[in-house]
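1. Got a predicted structure here, sequence first:
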Amino acid sequence: MSSIQLQIENGVARVTLNRPETFNSFNREMALLLQKTLDECNTNEEVRAIVLTGNGKAFCAGQDLNEVTSPELNPGFRKILEEHYNPIVEKIRTIEKPIVAAVNGVAAGAGANIALACDIVVASETASFIQAFSKIGLIPDSAGTFFLPRLIGFQKASALMMLGDKVSANQAEELGMLYKAFSIETFEEEVTKLVSKLAKMPTKALGLTKRLLNQSMVNTLKEQLAMESDLQIEAAESEDYTEGVNSFIEKRKPIFKGK
């Protein structure tokens with residue numbers, strides 16, 4: 001079976017990490033296939049929202065250590081970072097469609113940080129997040145040192161990365177690491193409801209919002225205000241803006257097409 005599963009239905013692309021026997025840990029094949037799948041979702045006009053999840057008990061346990069400890073399989077850390085994880089994170093942030101991480105179980109190491117790079121993170125209450133790198137003498141990668149301090153603050157991020165503590169889904173919600181934690185009974189239903197809502201929203205505006213959020217990490221206030229002005233003009237020229245205004249005036253639900 002493929003290590004990445006893709007299902008597209010009603011504007012939603014469901015991308016599933018599918019190596020449950022290794023807790024969906026990444027090997028080279030899965031990392032490259034995930035990149036290819038994200039590219040397909042980006043160029044497919046039918047896809048209006050993307051959800052990334054895992055098959056089985058885990059979301060993603062990070063790097064498959066069997067690969068890096070097998071001389072005949074080990075690609076080397078530079079190749080793993082520059083050809084596997086870094087491109088995945090960059091694609092998640094530059095695809096101008098909403099990407100939801102639906103964390104169904106443990107998210108450790110690179111798995112945790114790839115989840116945190118997504119636009120919206122939700123989790124089952126049985127899920128957990130672990131910055132596991134320090135436990136084997138490594139440093140956090142996959143943009144963890146970029147996103148986690150911005151999500152929960154420098155001090156808590158520093159402690160979690162150095163101590164390698166396990167954070168439950170409910171704790172992660174309290175810290176601001178994720179949007180919401182759901183009960184295990186309602187998790188799939190709530191994820192479906194969330195991504196279905198996103199798929200019916202004005203995709204163009206959501207994509208421009210994502211671009212603004214990316215730039216807010218580095219822009220000055222003046223630069224951000226100027227960018228907001230430019231992109232608001234672009235959004236106002238979209239078909240979805242016209243539909244949104246007309247539906248408001250006509251007191252009906254808008255039918256957005258993502259254009």
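-> Thanks, I have the structure now. Residues are numbered from 1 along each chain as shown.
2. And the strands in this structure?
-> Ranges of strands in the chain, per DSSP state E, are 4-9, 12-17, 49-54, 58-60, 99-103, 106-108, 120-124, 128-130, 166-168, 180-182.
3. Take the ones you listed and write them to a markdown table, including mean neighbour count.
-> In this view, the C-beta of every residue, glycine as well, is placed from N, C-alpha and C. Converted to a markdown table, these look like this (neighbours: other Cβ atoms under 10 Å):
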| stretch | mean neighbour count |
| --- | --- |
| strand 4-9 | 15 |
| strand 12-17 | 23 |
| strand 49-54 | 26 |
| strand 58-60 | 28 |
| strand 99-103 | 27 |
| strand 106-108 | 27 |
| strand 120-124 | 24 |
| strand 128-130 | 24 |
| strand 166-168 | 17 |
| strand 180-182 | 18 |
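4. Turn those strands into a markdown table, columns for distance to residue 194 and mean pLDDT.
-> Shown next, in a markdown table, are those (distance: least, Cβ to Cβ, whole Å; pLDDT from 0 to 100):
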| stretch | distance to residue 194 | mean pLDDT |
| --- | --- | --- |
| strand 4-9 | 15 | 97 |
| strand 12-17 | 10 | 98 |
| strand 49-54 | 8 | 98 |
| strand 58-60 | 16 | 98 |
| strand 99-103 | 6 | 98 |
| strand 106-108 | 18 | 98 |
| strand 120-124 | 7 | 98 |
| strand 128-130 | 19 | 98 |
| strand 166-168 | 20 | 98 |
| strand 180-182 | 9 | 98 |
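5. Distance to residue 174 for those strands - can I get that in JSON lines?
-> JSON lines is the format used below for these (distance: least, Cβ to Cβ, whole Å):
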{"stretch": "strand 4-9", "distance to residue 174": "32"}
{"stretch": "strand 12-17", "distance to residue 174": "26"}
{"stretch": "strand 49-54", "distance to residue 174": "22"}
{"stretch": "strand 58-60", "distance to residue 174": "19"}
{"stretch": "strand 99-103", "distance to residue 174": "15"}
{"stretch": "strand 106-108", "distance to residue 174": "17"}
{"stretch": "strand 120-124", "distance to residue 174": "12"}
{"stretch": "strand 128-130", "distance to residue 174": "12"}
{"stretch": "strand 166-168", "distance to residue 174": "9"}
{"stretch": "strand 180-182", "distance to residue 174": "9"}
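6. if we compare these, which one ends up closest to residue 243?
-> strand 49-54 (17.8 Å; Cβ to Cβ).
7. For that closest one, enumerate the helices and strands it packs against.
-> On a contact count with 3 or more Cβ pairs under 8 Å, 6 or more residues apart in numbering; DSSP states H and E, strand 49-54 meets strand 12-17, strand 99-103, helix 187-199.
8. Tell me what angle it forms with strand 99-103.
-> 20 degrees (axes from the mean of the first three to the mean of the last three Cα atoms, to 10 degrees).
9. would you put the C-alpha positions of strand 49-54 in CSV?
-> What follows is strand 49-54, C-alpha atoms only, in CSV (Å, rounded to 0.1, in the frame of the first residue of the first chain):
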residue,chain,number,x,y,z
ALA,A,49,-9.1,22.8,1.5
ILE,A,50,-6.5,20.2,2.7
VAL,A,51,-6.5,18.0,5.8
LEU,A,52,-3.4,16.2,6.8
THR,A,53,-3.8,13.2,9.2
GLY,A,54,-2.4,9.8,10.1
